[in-house]
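Enquirer: No sequence on hand, only this structure:
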């Protein structure tokens, strides 16, 4: 019996590179001759020290991260950072004012979760436009008294992204890049802080990577739980307590894989190529139409509807039978969403495009 | 070439049952016919729903947990709970008084981490005795005005444990059971809250299991980060955000394994048998001596010194060559520590005892 090729278009936890999965499987019972599994070794042993150090080095090598930025691995995924950011940064200004750009569901949750710890001011909202575009952020909207400005660079549910990032003057720009970190070239000096849950482009679920400019490490008050304290995390090299060793091991493998793909520029090109296949199909079709405004389209999450929405459930079901997995849109918005993070091969996108064309032919 | 049998005596992340590791490996690329890995599936899909529900059911079945207790899976390991406990419970009493029993390193850290969020009162300390015994907790030491009383049931570094638990009257007893949950029969009605990092008896590192009596869910203030809020976690069935899906999957397998071993009574008997082999050897030897007071010995962590401490490094090194891995005591106390959690087979302990006897013969 031939096993069907399956492509996982889930938004997260999402597809990992097949090679990474195979490597995890192969060395799971014996980590490189130690005789024990990487799941079983101490976070303080030299072998794990090598894992966490090389993950950081590889990230720096691949991204060109400037030396005055630290890399932290923190428990809890991106949402823990929704609290950690105000807990650590609001005290930068005595007004505790924090500016939020509401460009989607997670952007809104970030502002809500921050409200107990900062004086949250939502300075733009895409709600009235159904979050299908990123409203324009004009310089005069950025109060220079603010402790920071928060935005969500890629909106997973709606398939929009910030193509360019605003100049915030002296206000540190904080970006939730959960669904796109390492998918495109960044100019880190535009940012004060970047965080990303790992479960999209990076690895398994349960942690976040935090990239922070060193001068922002110093504003946490005593009221910050120790495992949410950036300064403490930095000084302990992310080992204040037992970390999620498996996740960091998997990130290291994912970074090695990314390097083998040719690095960030190569993966960015491939991501644009993958997204273009689907957007071209949407733009040339009456059967499908894209959700996001073309000027703000994500390369990671391609969202669309069927002209006849009553066919969407059949689309999802038949796609699954054809090995195209998890294409239903988020439960709060419906429709179709194809998440095509770094690990999604071109062949997966081509298979989806072929399925879409055929489905439109039969049902159109 | 024959592969040497390795036994991992590390304190955590610690040994997982070999069968569990093999099962993870076997189904890593294709979770039960889905065609995708358990690492890649959504925390909201029905297959993961089945995993988290059955993990909870199995825990209840194995332990007899009363219906008025909830099981939560929370990010960050036990140390995140050092903050979460006071953040959620201190408001039970307007004095915000919280009683701590300092019976070791982690007990002390728990009190320190709680200090920003509660009026912490350390009511007993084993420090003067080098934490080699659990000081007596007399009823009059328990202020009935306190919001809760915290103790660490098994002290991993020192190899001591609370054999019996105090009657705290109306004060909820909070127990950090990281290094022993599921290793012995418990009477849950003695406790208001139990928490445990997973990486000893339960699974991979990065999460904690929290067992909480329902009436204690209601005291969190708005100042609690959402992912540390017990009530929210309970009402979302631990899925407020993307959880550490792999860890919960692994726990489920570990619980199935525990059931196949015969359940809690059987594993408790085996744990006592394993510990007795080592303690008998220590008690009958002039070459070795146990660290913990015999009345408070842990069955999970057996700590000892060599009469000639200058031989300890050689002991650790030669043990490793013999496949007995990670026997060095915690870096803060030195000496030797054999962590023999549930997954450690009897044969591993017998191999260690044999090595110890031989090492004493050669070096004695």
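Expert: Sure, I can see it. Note that the structure is a prediction, hence the values are computed from the model and not measured.

Enquirer: Enumerate every residue touching the residue in the stretch 251-364 of chain A positioned nearest to chain B.
Expert: Nearest residue of the stretch 251-364 of chain A to chain B (CB to the nearest CB) works out as residue A:325 at 6.2 Å. In short, each C-beta sits where N, CA and C put it, glycine included. The contact partners of residue A:325, taken as CB atoms under 8 Å, 6 or more residues apart in numbering or on different chains, are A:6-10, A:319, B:34-36.

Enquirer: Out of these, which sit inside strands?
Expert: By the criterion of DSSP state E, membership of the contacts of residue A:325 in strands covers A:7-8.

Enquirer: Looking at the contacts of residue A:325, spot the one nearest residue A:261.
Expert: Using CB to CB, residue A:7 comes nearest to residue A:261 of the contacts of residue A:325, at 17.4 Å.

Enquirer: now that closest one, nearest residue through space, not along the chain?
Expert: Among residues not flanking residue A:7 along the chain, residue A:348 sits closest, at 3.6 Å (CB to CB, 6 or more residues apart in numbering or on different chains).

Enquirer: For the one you found, the count of nearby residues, please.
Expert: When neighbours are defined as other CB atoms under 10 Å in any protein chain shown, residue A:348 has 22 of them.

Enquirer: Which helix or which strand is home to the nearest residue to residue A:230 once chain neighbours are set aside?
Expert: Computed as CB to CB, 6+ apart, the closest residue to residue A:230 that is not its neighbour in sequence is residue A:88, at 4.9 Å. Element membership for residue A:88 (DSSP states H and E) is helix A:77-89.

Enquirer: how big is the angle separating that helix from helix B:77-89?
Expert: Put simply, helix A:77-89 runs at 60 degrees to helix B:77-89, going by axes from the mean of the first three to the mean of the last three CA atoms, to 10 degrees.

Enquirer: now for helix A:77-89, which elements pack on it?
Expert: Counting contacts by 3 or more CB pairs under 8 Å, 6 or more residues apart in numbering or on different chains; DSSP states H and E, helix A:77-89 is packed against strand A:69-75, strand A:97-102, helix A:105-114, strand A:148-152, strand A:173-176, strand A:193-197, strand A:207-213, helix A:230-235.

Enquirer: Residue A:133 and chain B, how far apart?
Expert: Shown here: residue A:133 relative to chain B, a distance of 26 Å by CB to the nearest CB, to the nearest Å.

Enquirer: could you give the mean pLDDT of stretch A:332-339?
Expert: Across stretch A:332-339, the average pLDDT comes to 95.

Enquirer: Now do that stretch: distance to the chain's middle.
Expert: 17 Å (CA atoms, centre = their mean, to the nearest Å).

Enquirer: where does residue A:13 land on pLDDT?
Expert: For residue A:13, the pLDDT comes out at 87.

Enquirer: Torsion angles phi and psi at it?
Expert: Phi and psi for residue A:13, reported as degrees, to the nearest 10, are phi -50, psi 140.

Enquirer: Wait, it touches residue B:38, no?
Expert: No - Residue A:13 sits out of contact with residue B:38 when judged by CB atoms under 8 Å, with a separation of 9.0 Å.

Enquirer: what sits in contact with each of the two?
Expert: Each of residue B:245 lies in contact with both residue A:13 and residue B:38 under the rule CB under 8 Å, 6+ apart.

Enquirer: Would you mind listing what in the stretch 201-350 of chain A touches chain B?
Expert: Taking CB under 8 Å from any CB of the partner chain, the part of the stretch 201-350 of chain A that reaches chain B is made up of A:204-207, A:222-228, A:240-247, A:250, A:323, A:325-326, A:331.

Enquirer: And for the stretch 51-200 of chain A?
Expert: A:75-80, A:82-84, A:87, A:113, A:116-117, A:197, A:199.

Enquirer: Flag every buried residue along stretch A:219-234.
Expert: Buried residues in stretch A:219-234, defined by neighbour count with 16 or more other CB atoms under 10 Å in any protein chain shown: A:219-220, A:224-234.

Enquirer: For those residues, work out which two are farthest apart.
Expert: Among those, A:219 and A:227 lie farthest apart (CB to CB), at 17.0 Å.

Enquirer: Compute the distance between residue A:307 and residue A:364, please.
Expert: According to CB to CB, to the nearest Å, residue A:307 and residue A:364 sit 9 Å apart.

Enquirer: ok so, going back, backbone phi and psi for the residue of the stretch 251-364 of chain A closest to chain B, please?
Expert: phi -100, psi 140.

Enquirer: what's across from it in the sheet?
Expert: residue A:8 (DSSP bridges).

Enquirer: ok so, going back, find residues that contact each of residue A:307 and residue A:364.
Expert: Between them, residue A:307 and residue A:364 share the contacting residues A:286-287, judged by CB under 8 Å, 6+ apart.

Enquirer: List the contacts of residue A:318.
Expert: A:355, A:359.

Enquirer: can you rerun that using 10 Å?
Expert: If a contact means CB atoms under 10 Å, 6 or more residues apart in numbering or on different chains, then residue A:318 has A:311, A:324, A:327, A:355, A:358-359, A:362-363 as its contacts.

Enquirer: would CSV of the residues you listed with secondary structure be doable?
Expert: What follows is the contacts of residue A:318, written out as CSV (DSSP: H, G, I helix; E, B strand; the rest coil):
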residue, secondary structure
A:311, helix
A:324, strand
A:327, coil
A:355, helix
A:358, helix
A:359, helix
A:362, helix
A:363, helix
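
Enquirer: Show the buried residues in those residues.
Expert: Looking at the contacts of residue A:318 with 16+ other CB under 10 Å, the buried ones turn out to be A:311, A:324, A:327, A:355, A:359.

Enquirer: May I ask which two of those residues are separated the most?
Expert: Across those, the two members that end up farthest from each other (CB to CB) are A:311 and A:324, 15.5 Å apart.
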